[in-house]
Structures are given as structure tokens and as C-alpha cells.
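Visitor: Below are the sequence and a predicted model; questions follow.
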Amino acid sequence: MPNSDLPAAEAVGASTSPSATQMEKEPAIAAASSPPVDEDTVMVEAGEVQAMVEATAPVAEVPSAQGQAEADNDMMVEIKQDKKSEIKLEDLFEGMDSDDDDDFLAAANPLNAPAPREPDTHDASFELLRIYYQRFFPWRYMFQWLNHSPVPTNDFKHREFSLWLHNDAVMRYQSYTTSDLFRKDVIRLMPRRIEIGPVYTADPRDRKTFRNSTAFQPMAKELCFDIDLTDYDDIRTCCDKANICNKCWKFTNMAIKVLDTALREDFGYQHILWVYSGRRGVHAWVCDKKARALGDQQRKAITGYFDVVTGGKQGGKKVNIRRPLHPHLSRSIDILKDHFQQDVLETQDPWQTAEKADALLQQIPDLGLREALRKKWDASPGRASTAKWADIDALAQTSASAALDPKDLLDAKQDIVLEHTYPRLDSAVSQKLNHLLKSPFVVHPGTGRICVPIDRGNLEGFDPLNVPTLQGLVTEIDAWAETEGAAAAMAAVEVSEGGGGGGGSSSQDVKHVQDWEKTSLKPYIEYFRSFVTALMKDEREVAVKREREEEGDVDVKVESLDF
Amino acid sequence: MNRIDVKRRNVLDHRKKQFADPSYKETQYPHRLNFYSTPPTADITLEQFEQWAIDRLRILAELEACSFRNKTPAETALHMKPLLDKYLPLDASSSGHSQLHAQRQKDHYSHFILRLAFASTEDLRRRFTRVETMLLRLRFQADDSRERAAFVRTLNLDWEPVSEDEKRALSPQLATTIGFGYGKRAQQVLDEDWCKVDWMRVPDLVEGRKVYVKAGKAYVPGREQQSMVLNAYTKRLEQALELTARALPRLDEDDRLTPILDHLSKNFITPDASYTGAGAAIEGAEMTARNMDNLSQHFPMCMTHLHRSLRRDAHLKHFGRLQYTLFLKGIGLNLEECLVFWRSAFNKVTDDTFNKEYRYNVRHVYGDVGGDSNRRGGGYSPYSCQKILTEHAPGPGEAHGCPYRHFSLENLTSLLRASGVTERAVLQGVKEDTDSQKFHMACNRVFEHLHRTEIKRAKDEGVMTAAQLETIVHPNEYFKRSYLLKNTMDNKQKHRGADVKMEG
């Protein structure tokens, strides 16, 4: 894991002016008193932003910064309690489990979390995060994505957001009536992570006003999948735990291809967004209207449909499937065959050690063949997996006992291919309607990478180690200002004004260049935009069609009368 | 078709209506099976009311017990046959049985009586739906195929038949879903009655990859249509029970029926929820965090494995923590000690991480924090074998679940050997049990083997009654019995030793 994991402080030192001054100020007081200082600045800022919020929305709050700070604290406490009282045990775990080990590992891994420097990196990344939310985060498309229409609907208004703050409090059940309010609240609170929950039957903020629980229920959410490379630890040879490299990233490519194809062909879904999770996995968001309305039982069913590699670490044989192969599985094997040859056998070399080779032998159905292979491999230690794989067929011709059914061998080989290539899903994420999942375009707190969407059409071109990072974006925008600055002086001035004042909305000027367009974030946001546009178009057509069906006859008559 | 508006004739002058008793057309039962969409209307005696309900309840309780014992469908059918014949006989229309109408009426009425008894809480409703569905499945399978088809036709389930052309075009894909082995020919596909439904309507078939799915439609072969019928039944019953529950408070009733109904719902004892967690501490056992390594000799294999994994990795994944914490709570480890236990076990994480990510969950399990209902109920009750066997099968890197069910044979054997089970006969027995999916039996077999001397002595001396030695279906019961057997026996011996000494 190269430079993208540099501690934030170093990357920042050479970059922007505002954060650089911040950096100079901070170390002096950092060690002893940084938490209170930190909090003060946040609260003052919060007050300012709050004032703006008040101007636009009728929110009754204490106006002074101090009062605001207190009010905020109260709110936080209340929210913490909410969380405790509202959530059932399993829901609670759900919110955490997808990434709790992730964070735990982050703390344990010296590369990713420079523990001794925590105070500086924390403040610096905090400042960078503010810049990111103000200037880069694609608020508008996020809104359209969740809202499915240009005008705010209940799809957005009743959607739960949960914000993970820097003091590790989690604010659940947040909701916003417009994208602007969402943006302002995020900038005020500066969450290090934003999660997206379901659309409820009513505004999540009003949930306490309903006497019976049936009136407040989750109604819809994208069908989500989570693939995490730690689940591949027993078959990856290059990395383990939270680490990844381009070699083992291939596993996610295989997973995406298999899932994407099945979701499209078998289940008929079209709007599938793949998002890099920021460290070592990908998330899928299936956004079709039908998929969003699925209930828990159906989500469980679809997860089961995709579940092939099973069993705990003691489970022994991992793939246990019926024959003849279900069409979904035979198609998946067709997709995965080539990957198995290249990305697994050649790149991963999974049966290099005697121990691993032995595990492979256990899956060979015939004893005679097993012994012959063992003898051959013991004779030439270090034989490559590709050769070992070829040996199976070669020796099956000569030394297998007569009892070996070629079908059994084929089945065993198919099982092995699936074990090493077939997607391994974190099923908890997909099964429950009310499970929260990290939003796209959030910054991963451990790596600083942006959770960018992955273009299904260009999987091979995606490099997880090279996605835009928080620090990188700021550097890029400064570089842009220098090079393009002379040519587009006007635009640059405008931008810095917009950025500083917390505005930067798109409606200002026709010639206005968005900040994200000046950075490597551009292709990702453009891809997201086209995805959202297609989704909204579909959604609109459905709505229009329904309207027509309802009023069709009347309309026709009226028109014909006109003529 | 039984429709309420058809049946309920208004034969009165509308001005007199409110003073008159309603009169109903007598219910006809054309089919053996019933979806129970029409409530009964005729009068029955109080004795009948109670007796019919009790008879049906017997059947349902027995069915539930079968599922808890992990009996296969075939075994269940075999087990239930004599009971059904005795308490709730239901003959085919073709049998020409003279009691046909009486049988069906009893079936019909008893179902609705139990609805009243079990509509009150969500838990009861869920269990009632579950066992009623099991009963219908049992009868559905036993039904004559022609009568069954006739019954299904009356249900008005909108299934789209698959045309011959489509069958032919998809035959390679369809063939893979209707049988084992490679020898299925296109002809078999064409012979089968396929129908096409939204995949959302047959989630269990999709989950098991038992049907071909294309563009959101599931292609269901004739024989699997049972599952769709049962799904429809479950759904309708759930809705109906919900309505019943809402109407219950306004039940226009004197005090004749309510006691009977109360009595009925109390008698529906739950084999799986019977273990009350807190306060189950065993006298004399030292329930502290540091004594856990010592006590782990009394744990069943599932917990032994969790304990060892925890000691080895200094970490357990989420469901492992949940299963183990609940078990510890069940054996009487209090919250403070439990927190001490987890804190010291997770010795690779910092205090901060522990407090942030794990402490709250442990407290939640104990009902120390959380919503009102959680706190009032004292948190969650320890998982029964049933729950461990059926929910959340362990994934890669997870250590929870039931070793007899979720381990491969080699791993199970080595775990058993490590726990002191080395006799070939026992291991062979365990293998046979797990092969036939009787995971309880395997666990009980191991228990009996490990405690053979104590059990023998307990039986000889009559210390424990036969009831106390029946099949274990809860990990906490395993622990309790193991601890009691080892210790009371030891104490006895000590006492005897003391007596002897005194005499000497």
C-alpha cells in the first residue's frame, strides 16, 4: 500500500494555504489541550452555519454560539439515548457489524493509523473534510439519486441518514426535507461517516410521536450487497486482514461480474451502482423501484440465492451444491473460468505450500488419484498451482482407479473453481430492510480514500489504490488553480469565494466550473450523474405511464373534441 | 367458493333486522383441505368448544416438538399419523366416510377457536402461524392428487402457465431444476406443469435455487407449487390473526369462553423458550470471570468451541459473541463478571476500543441498557439448540453455530477427541446422527458418554428422576446437568467419606 496511505499531515503540509496555517497553529497546543480547542472551533462554526439554517428554515434554536453549543450537546445526549432505547439488539449489531472489525483493524495496523500523531492528523483531516463537504461532495446528485425526482418527495424526506461524528457518537434517524438542509447539517456537524438507511412510512424525526410501532415502519431501501476481501483471507496469498493489493482486488472484479450479471438477467434489475467501500471491499446498491420495495423475507431469499461458499473456519469443504448445476451457477462458472486460470492459479498461486496442496487433495474424490498426485507433488516441491491443476486431469487419465467417475471429478473441480472465485457476501447487509450502509462519496476515515462508484463497464480500469483521496483532491485543486489560474482567473476567484463562504452552489454562473471538475473526482461524479439521470428517467416514465393509465380515456375524449 | 356475502342471506325485513338473530346458510366442506377463510357460524356446545380446541392443540404441540427434534418430514409424517387419526381425523372426499362433514366441521371450528386463543400477542401469533402451516403442509402432502388440484383451483392464485414454446426454448435450464442427475430429457420438461410467477412470491424456492429465475420471473414446476400454496396460506393467516387481535378487546363475551381461551394459550408451552435466563445460577458454583476456564469442562461442544476460539484468537466475531454472552448469562454469570470476562478475553484491544465497540452490546444482552421492553424483559434469553441450529449459519472465520451441524466430519471428530471423546463406537454414533441430521441426538450421545459413570450412579441411587435425564435441547441445560451430575456425585462421595471416617 503505497503513498495513498501517507499520514494526512505530510500530504497537507505542502498543499493548501488555509489548512497549512491551521497546521502551524495546532502542534503547539495539540498534545495537551487539543480536544477542547477543537470542540470550541467546531461549535463556533456550528453557530454560524446554524444562523444560516435559521434564515432558510423555521427552526427555533438559541442564537448565540455558546447557547448553540449547549443545545448541540443536549441534542447529542438525547440522540445517544434515542439510539439506546429505539434499537433492538440485533439492529444495533447490524449497524456496527459490517465495519466494526474494519475499524478495529485500522487501529491495530500501524500503516493506516499513525497512532502517535493522532492529534495533528485528526485536526488536519478535520479541516480537509470540511473543504471536501463544502466543495467536492456531489450533494445535488446524491439528492436526486435518493429522491428519484427533481422535486423533493417522501423518498428523500422520510429517508434515514445516520451521521458518525468525530467524538464517536452516532446520530441516527436524521432526515432532511431538501438537499440544501442536508448539506448544511452535514457541514455543521462534520460527520466522519454518513450512512444511509431506509425510507420510513413517516419522517424519522417524528418517530416518537407515533403511539403504536406499526405506524412507523421501514418501507423501502435499495437492495444492498457488501463484498469484503477479509472474507477471502483463506484463499488470498498476497494480503490479509484489511490490506489489499491489485492482485487480490481481482476477487472483487469477479464478484461484481457474477452478481451484476445475475441481478440483471435473472432478477431483471437495471440500476445497479457499484461503490468502492474505501478500503477493502465494494458495495452494491440496486436502485430499481421493485428492488427497493422488497421485504425482509425476499431480501433473505435473494441472499440465499447467491450464497454458495458456506461454512465457518471449521466447516471443511466450503462449496456444497446440488447437481445438476442451477443455471445461475453454470453461467457463473463460465464467467469465472478464465479468472480462475489467470487471477487465481497464476497470480495467487493458492496451493504453493504443502499444507494448502494437501487441502486441495482432500477435495479430490478418488483415493488412487489423490495418492498419485501427492507423490508427484512431494517429488517437486514448489510446483506452481497452474501445473498442479493441470496434473489433476493428466493423472486422472493414467493412475486413477477404475472406480473414478469422470463426473465426480468434474464436480469436484467445479467446486474448487467456485470456492476460489465465487462472490463471498456479507449477508447481514443484504437481508434486512433497515440495515444502514455507508453512503457513496464518503471519505473512508482510515485510508482517506473517497468511496467512489465503480463503472461496471470498465472494471479492469479501476485501481482501488489509486482512487482520489482527501489530501489528493486538495492538492489537485491547488495545482489546477496554478496552471489554469492564468487562463481562467475569473473562475478561480469565484471559486475561492464560493468555497470560503460555504456557498459554491451550481446556479451562480453558466461559465462556472464546479470544483470537482478540476480534480480526479471528475470521472466518478460524471459516472454517478449519468447513473442517476437514467434512474430518474425510468422512474418518471413509470409515473407518467401510471397517470396515463388512470386518466387515459378521459384525455383522449377531450382531445378529440378539441379537433 | 365460500364467500361470506353469499352465505349470509338477508331474509328479513330490513326494519326488523336489528332485533333478529342473523341466520346463515350451513357451511359446506367440498374439500378436505381448508384455507379457513370463512369463520364458523353454527352453534356448538361449550364442551365441544373446549374439547375440539384441546384436540387440535395436542396436534399442534406435537408438530412443533417434531420440528424442535429436527425430525425429517418423513419421520414427522410417520410420527403424526396415529395422533392425527385419533384427535383430528380428516378423510378424503373419495373415501365416502360417513363422518366426513363432522370431521371437517371439527377441523374448521377448532382452527378458529385457537385463533381466538393465540391472537393476543405477536409471539403466539407467529408460533400459531408456523405450526398451522406445518399442519397444512402435512395434509397437503398426504392429500389425493386430484382432490388437491381441485382444491388449489379454488384458491384463485394467479399463476401464469408457461406455454409449450417457452418450455421448449428454456428446456435446458428448466431441466436442471426438476431432478437430480444429468439424465433429464427435454420430454420430462414438457411433461411437467410449469407456471411462471413473480420471484417475490416464492422466496423460499429462490433462496434454495430450486427454480429457474429469468427477468424477475420464477419458473415453478408442478411439484413445487405446494410451497406457493403454503406461502399464500401463511400470508392470509397472518393477516387474519392481526385482524382478530384487533377485534379481541371488543369481544362480546360473558365469562364462559375467556377462561377457556386463557387456559388454552397458557398450555401451548414452548419447549424453546422454557429456559429463563437470569437467576438460574447453580448453587455452589463459583460464577466468576476467572472460573470460566475451569467451568468450561461442563460446556456443550458449541460453547467449548467458542471458548477455545476466544482464548486462541482473543477475539470472536459478532454472532459468536452474541451466542456466547447469552450462554454465560444463562449459566448465571452476572453482568459485572461478564464484562470482566470479555474485557480480559479481548486482550489485544485497547480499553477504548472495548468500551466503544463491545461493552454496550454485552450490557444490552443483559437488559442493562436499551429500550423499555428490553430492560423490562431483562435482555435476551439464551439461545436454544433450535435457534442455534436454524439461524445464522456461521460464515468464514466465525465460530458460532452447532459443531454437529456446521462442522465437517474431520473437524468435528478432532474437536470431540480434544474434549475426551475417543471411543470409536461413540464417534461412529455421532457420525450416524449427524448424517441423518439428528444433531440433538449426537450432542446427547456425547453428553451421555462423557457422564456415563455419573449417570449410571445417579440412576442407581435414584438421585435424578428420569425426567431430569430426558433429551437436552438447550446448551444451558447441558451445562446445568453436567455440573450437577459431576458435583452432586462428588459431594455425595465426600459425604460418604466423611461418614465413614466418623464411624471409623
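Guide: That came through, no problem.
Visitor: Please give me every residue in contact with the residue lying closest to residue B:419 once chain neighbours are set aside.
Guide: In space, residue B:419 comes closest to residue B:304 once its chain neighbours are excluded; the distance is 6.1 Å by C-beta to C-beta, 6 or more residues apart in numbering or on different chains. Placement of C-beta: from N, CA and C, glycine included. Under the criterion of C-beta atoms under 8 Å, 6 or more residues apart in numbering or on different chains, the contact list for residue B:304 reads B:296, B:415, B:419.
Visitor: Export the helix or strand where residue B:304 lies to CSV, keeping only CA atoms.
Guide: Secondary structure from DSSP states H and E places residue B:304 in helix B:301-313. These are the backbone C-alpha positions of helix B:301-313, laid out as CSV (Å, rounded to 0.1, in the frame of the first residue of the first chain):
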residue,chain,number,x,y,z
MET,B,301,-19.4,-28.6,22.2
CYS,B,302,-20.8,-25.4,20.7
MET,B,303,-19.7,-23.4,23.7
THR,B,304,-16.5,-25.3,24.2
HIS,B,305,-15.5,-24.3,20.7
LEU,B,306,-16.4,-20.7,21.2
HIS,B,307,-14.4,-20.6,24.4
ARG,B,308,-11.4,-22.1,22.8
SER,B,309,-11.6,-19.9,19.7
LEU,B,310,-11.9,-16.9,22.1
ARG,B,311,-8.8,-18.0,24.1
ARG,B,312,-6.9,-18.7,20.9
ASP,B,313,-7.7,-15.5,18.9
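Visitor: tell me the mean pLDDT over that helix?
Guide: Averaged across helix B:301-313, the pLDDT comes to 92.
Visitor: what element comes up after that helix heading to the C-terminus?
Guide: Once the chain leaves helix B:301-313, the next helix or strand it forms, by DSSP H and E, is helix B:318-330.
Visitor: contact partners of the following helix or strand past that next one?
Guide: Proceeding N to C from helix B:318-330, the next assigned helix or strand is helix B:335-345, under DSSP H and E. Contacts with helix B:335-345, where a contact means C-beta under 8 Å, 6+ apart, come from B:287-289, B:292, B:310-311, B:314, B:321, B:325, B:328-329, B:333, B:351, B:354, B:358-359, B:362-363, B:366, B:368.
Visitor: what domains does the record give for the chain?
Guide: No chain was given, so I picked chain A. By the record's domain assignment, chain A is partitioned as A:3-303+A:425-467, A:327-421, A:476-562 (automatic domain parsing).
Visitor: oops, I was thinking of chain B
Guide: Listed by automatic domain parsing, the domain ranges of chain B are B:26-153+B:232-267, B:160-220, B:289-401+B:451-503.
Visitor: Of all those domains, which one comes closest to residue A:184?
Guide: domain B:289-401+B:451-503 (28.4 Å; C-beta to C-beta).
Visitor: Torsion angles phi and psi at residue B:346?
Guide: The phi and psi torsions at residue B:346 (degrees, to the nearest 10) take the values phi -80, psi 60.
Visitor: could you list every residue that touches it?
Guide: B:314-315, B:354, B:358.
Visitor: Kindly recompute the last result at 10 Å.
Guide: The contact partners of residue B:346, taken as C-beta atoms under 10 Å, 6 or more residues apart in numbering or on different chains, are A:104, B:310, B:313-316, B:321, B:353-354, B:357-358.
Visitor: Dump these into a markdown table; add neighbour count and distance to residue A:282 as well.
Guide: A markdown table is the format used below for the contacts of residue B:346 (neighbours: other C-beta atoms under 10 Å in any protein chain shown; distance: C-beta to C-beta, whole Å):
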| residue | neighbour count | distance to residue A:282 |
| --- | --- | --- |
| A:104 | 21 | 20 |
| B:310 | 20 | 31 |
| B:313 | 15 | 27 |
| B:314 | 13 | 29 |
| B:315 | 19 | 25 |
| B:316 | 23 | 26 |
| B:321 | 23 | 26 |
| B:353 | 17 | 26 |
| B:354 | 17 | 30 |
| B:357 | 17 | 24 |
| B:358 | 24 | 27 |
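Visitor: Just give me the closest of these to residue A:412.
Guide: residue B:313 (30.9 Å).
Visitor: thought that closest one was touching residue B:398?
Guide: No - taking contact to mean C-beta atoms under 10 Å, the distance of 11.3 Å between residue B:313 and residue B:398 leaves them out of contact.
Visitor: All set, thanks.
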